[in-house]
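A.B. asks: Quick one, structure for this:
(one chain, ligands or ions: 1)
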Amino acid sequence: MQELLAGYRRFREEIWPREQARFEALAAVGQSPKTMVIACSDSRVDPQMIFAAAPGDMFVVRNVANLVPPYMPDAAFHGTSAALEFAVRVLRVERVVVLGHAQCGGVRALLEGAPPAAQDFVAGWMSIAQAARAAALRCDPADRQQACEHAAIRVTLDNLLTFPWVAEAVAAGRLSLIGGHFVVATGKLMLMGPDGEFSLA
Ligand SMILES: [Zn+2]
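C.D. replies: All right, here's what the predicted structure looks like:
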């Protein structure tokens, strides 16, 4: 905790003075981000840092392996779907970026099975991307992890379109859906093209 408090003190001393006006304006008028990012919880992949974004710029939801389940308006606790609903229907963001990354532990769990200590939720959650696993298993073993990361992003983009208000906004040209993949070792971002393949941004 000392480490966190030391970081907080640096925030107050170094960052707050130059960002104070921005925070005060955001507090007074509220947020109106144009972008929603769905990213992995992985500590190495911070969307705000990667896009050099400021507070107020991006509405972010992070979960294991940046997945979105299909539209299921039932009584279960749909945290990611709730964030999506708020971003698309209330904040009316203009784009949703699904940001995957290299060496994703969630994707590894999908390919190789969840670690024994992560059976209660991780295994079930990752089953959202079962189709990505099937596609990746057809690849050369050396390429499987990345192929599965890319395929899981495509699954999430497909699942986004099962939300009627997402599909409607996309059809009306009010919303775009973007796939990205961040390579931790190089700091480089790959973007998904119309053909579903990823290339350097
Ligand atoms: Zn991950």
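
A.B. asks: so residue 177 sits in a helix?
C.D. replies: No - inclusion of residue 177 in a helix is not indicated when DSSP: H, G, I helix; E, B strand; the rest coil is applied; the result is strand.

A.B. asks: I'd say it and residue 157 touch.
C.D. replies: Yes - the pair formed by residue 177 and residue 157 meets the contact definition of C-beta atoms under 8 Å, at 5.4 Å. For every residue, glycine as well, the C-beta is placed using N, CA and C.

A.B. asks: Now the common contact residues for the two.
C.D. replies: Between them, residue 177 and residue 157 have residue 98 as joint contacts when contacts are counted by C-beta atoms under 8 Å, 6 or more residues apart in numbering.

A.B. asks: which residues touch stretch 1-21?
C.D. replies: Outside stretch 1-21, the residues within contact range by C-beta under 8 Å, 6+ apart are 23, 54, 55.

A.B. asks: quick one: is stretch 125-139 near the ion?
C.D. replies: No - judged by C-beta under 5 Å from the ion, stretch 125-139 stays clear of the ion, getting no closer than 10.5 Å.

A.B. asks: meant to ask about stretch 36-43, not that
C.D. replies: Yes - residues of stretch 36-43 are located near the ion by C-beta under 5 Å from the ion, namely 40, 42.

A.B. asks: starting at the chain centroid, how far to that stretch?
C.D. replies: The gap between the average C-alpha position of stretch 36-43 and the chain average comes to 4 Å, counting by C-alpha atoms, centre = their mean, to the nearest Å.

A.B. asks: buried set for that stretch?
C.D. replies: Along stretch 36-43, the positions that meet the burial threshold by neighbour count (16 or more other C-beta atoms under 10 Å) are 36, 37, 38, 39, 40, 42.

A.B. asks: Tell me the one among those nearest to the ion.
C.D. replies: Closest approach to the ion among the buried residues of stretch 36-43 (C-beta to the ion): residue 40, at 3.2 Å.

A.B. asks: Report the beta-bridge partners for that closest one.
C.D. replies: residue 63 (DSSP bridges).

A.B. asks: so it touches residue 106, yeah?
C.D. replies: Yes - the criterion here is C-beta under 8 Å, and residue 40 meets it with residue 106 at 6.6 Å.

A.B. asks: Overlap in contacts, the two.
C.D. replies: Common contact partners of residue 40 and residue 106 (C-beta under 8 Å, 6+ apart): 64, 65.

A.B. asks: What's the local residue count around residue 54?
C.D. replies: The number of residues packed near residue 54 is 12, by other C-beta atoms under 10 Å.

A.B. asks: my read is it is in a strand, agree?
C.D. replies: No - when the secondary structure is assigned by three-state DSSP, residue 54 falls in coil instead of a strand.
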